[in-house]
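In: task: produce atomic coordinates for the following.
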Amino acid sequence: MTDVVRTVEGRFVTIWDGSGILSAYSDDFGQTWSYKTSVSDPEAYAENFPKVTDDSLGNLYAVWHDCRGPEPYAIYFSRSLDGGETWLWPNVEVTDDGGYGECPSIASNADGSRLVTVFNLPDGPYRAYASYSTDGGMTWSADTPVGDVISAGQYYPVVEHTGEDRFTAIWLDKRDTETYVYCSVSEDGGETWVQPNIPVPFGGHSPAAYSLDLHYDGSFLHAYWIEQYWTDASVYEVFYSQSRDGGYAWLEEPVRIDPGGTGLFRKKGGIWVSNPEAIYAAWVSGLGYTRHAVCSASSDSGKTWSEPVIANPESAEAWFCDIYGDIASREILMTWNNQDNQHIKCAHGYDDTGIEQEEAPPFSFSVSENPFHASVRIMIEGEEHPDLLEVFDLSGRRLTGLHPHSDSTFIWEGTDSSGDEVPAGAYIIRGICEGGMSAIRVVKL
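Out: From the prediction side, this is the model:
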């Protein structure tokens, strides 16, 4: 899963789950990216579901579901005070000692003096809970119920700061079949929440897992989700709703964003708002093994939506995606994780021209043997050839550089820059030239 934000300095930061919780940043609107940085510390285990937010000072705050113990799973937190270059280690546990927690979301007020995280706890049926911090995430309050006791199960909550001390949460709810989406509001920074909860009119079928998202534009609160139902084949529909009072009242009926279709699956994306009129929704759309990250736009406050634009026609391997932008420049950035090769990719554009599709890399790799024992031969194919390849371990540490063995062939003998043999495991070999970057993962046995 991937999540992306833009800091006040204009830096885009994306976070994802891979070999740990990882992040990277771009200062040039996605043209180039830093190498990945570990958000989770070495004690983390089986980390999933990362979410990130920022404040007006440029600080970043991240939460995720972690199985490091002693409880089977809990919510952990880290922060970056330098725009994603370094992250807080050791991480901080959010949920109560001995308590469970999964599928978190996080929001910050303007200056970061109040952070609120919402998550699931298996309290009989699963129930939405919250915890808040007033010291930048170093300590957290006791877990507090967000969902009421009427529900038969509450899942995948997301939270958004909606002005002053108000925070609004929304989630998938299974208390009845009249609506599967419910909401609650806290007017005191996450300390107490409105109960009974507030129903959100929906499209008629259960929302898909992890698909809900919120965005507050300073005036209106915008919600997005994907619904799924079964006929002869699975059918998915993408919906939008809006609240003008911070979550207390919603549109009488949600607006259908995507025409959908039988057999086309939809997976989690996100929503971003430039202003109350200009709204952008992204999701993954697929048929068989073709999986596209797509974006649809509304210029009339969500009443009508454009035909979806494909961001990744080259790779067609997206699994989850997210979207964010810059209000001043009207720049939009989409990120997604490629399920087949484990890459995190992006596409960008402007709200008057649409998303510029991903570009094919200027060169590609092929290897003689992967996994390998003693050495691996890397052949470069394409119009451009890098002069140097770099080898990294999965923590992002550079091990050595490789110079060409011949015009388009490099050889790595499984050693670092000092000539010492590296242990068995997975490594990343990366090349950069004027036209762009490409990388390949190799495994040493």
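
In: mind listing what's buried along the helix or strand where residue 242 lies?
Out: If you go by DSSP states H and E, residue 242 is part of strand 234-243. Neighbour counts over strand 234-243 (16 or more other C-beta atoms under 10 Å) mark 235, 236, 237, 238, 239, 240, 241, 242, 243 as buried. All C-beta atoms are positioned from the backbone trio N, CA, C, and that covers glycine.

In: pick out whichever of those residues sits closest to residue 138.
Out: residue 243 (32.1 Å; C-beta to C-beta).

In: tell me the contacts of the closest one?
Out: Contacts for residue 243 were tallied using C-beta atoms under 8 Å, 6 or more residues apart in numbering; they are 168, 183, 220, 221, 223, 249, 250.

In: among the residues you listed, who's most crowded?
Out: residue 168 (29 neighbours; other C-beta atoms under 10 Å).

In: from the contacts of residue 243, which two are the most distant?
Out: 183 and 220 (14.2 Å).

In: where are the low-confidence patches of this protein?
Out: For the chain, the stretches with pLDDT under 70 are 177-178, 230-234, 260-263, 288, 340-342, 350-361, 394-396, 434-437.

In: let me see the domain layout of it.
Out: Following the assignment in automatic domain parsing, the chain carries domains at 2-356, 363-444.

In: for the stretch 1-150 of the chain, what spans make up the strands?
Out: 2-6, 12-18, 20-26, 37-38, 48-54, 60-66, 74-80, 92-93, 102-108, 115-122, 126-133, 144-145 (DSSP state E, counting those that start in this stretch).

In: those into JSON lines, with extra columns for distance to residue 411?
Out: What follows is the strands of the stretch 1-150 of the chain, written out as JSON lines (distance: least, C-beta to C-beta, whole Å):
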{"stretch": "strand 2-6", "distance to residue 411": "34"}
{"stretch": "strand 12-18", "distance to residue 411": "27"}
{"stretch": "strand 20-26", "distance to residue 411": "28"}
{"stretch": "strand 37-38", "distance to residue 411": "29"}
{"stretch": "strand 48-54", "distance to residue 411": "36"}
{"stretch": "strand 60-66", "distance to residue 411": "38"}
{"stretch": "strand 74-80", "distance to residue 411": "37"}
{"stretch": "strand 92-93", "distance to residue 411": "44"}
{"stretch": "strand 102-108", "distance to residue 411": "45"}
{"stretch": "strand 115-122", "distance to residue 411": "48"}
{"stretch": "strand 126-133", "distance to residue 411": "51"}
{"stretch": "strand 144-145", "distance to residue 411": "58"}
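
In: any chance of a markdown table for the ones you listed, columns mean neighbour count?
Out: Formatted as a markdown table, the strands of the stretch 1-150 of the chain follow (neighbours: other C-beta atoms under 10 Å):
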| stretch | mean neighbour count |
| --- | --- |
| strand 2-6 | 23 |
| strand 12-18 | 24 |
| strand 20-26 | 22 |
| strand 37-38 | 19 |
| strand 48-54 | 22 |
| strand 60-66 | 27 |
| strand 74-80 | 26 |
| strand 92-93 | 18 |
| strand 102-108 | 26 |
| strand 115-122 | 26 |
| strand 126-133 | 26 |
| strand 144-145 | 16 |
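
In: what's the closest of those to residue 443?
Out: Using C-beta to C-beta, the strands of the stretch 1-150 of the chain put strand 12-18 closest to residue 443, at 15.1 Å.

In: the inter-axis angle of that closest one versus strand 48-54?
Out: Angle of strand 12-18 versus strand 48-54, following axes from the mean of the first three to the mean of the last three C-alpha atoms, to 10 degrees, is 170 degrees.

In: sheet-wise, list the partners of strand 12-18 with their directions.
Out: If you go by DSSP bridges, strand 12-18 pairs up with strand 2-6 (antiparallel), strand 20-26 (antiparallel).

In: closest one to residue 51 among those strands?
Out: Of the strands paired with strand 12-18, nearest to residue 51 by C-beta to C-beta is strand 2-6, at 5.2 Å.

In: quick one on the thing from earlier: of all the strands of the stretch 1-150 of the chain, which one is nearest residue 416?
Out: Across the strands of the stretch 1-150 of the chain, closest to residue 416 is strand 37-38 (C-beta to C-beta), at 19.2 Å.

In: strand partners of that closest one, parallel vs antiparallel please.
Out: strand 20-26 (antiparallel).

In: neighbours of residue 406, how many?
Out: Neighbours of residue 406 (other C-beta under 10 Å): 8.

In: is it in a bridge, and if so with what?
Out: With DSSP bridges as the rule, residue 406 is bridged to residue 409.

In: so how far is residue 378 from it?
Out: Separation of residue 406 from residue 378 (C-beta to C-beta, to the nearest Å) stands at 11 Å.

In: ranges for the helices of the chain?
Out: Counting by DSSP state H, the chain has no helices to list.

In: what are the bridge partners for the residue nearest to the spatial centre of it, then?
Out: Most central in the chain under C-alpha atoms, centre = their mean is residue 3, positioned 2.0 Å from the mean C-alpha point. Per DSSP bridges, the residues bridged to residue 3 are residue 15.

In: start the count at 859, not 1, going forward
Out: With 859 as the first residue, the last one maps to residue 861.
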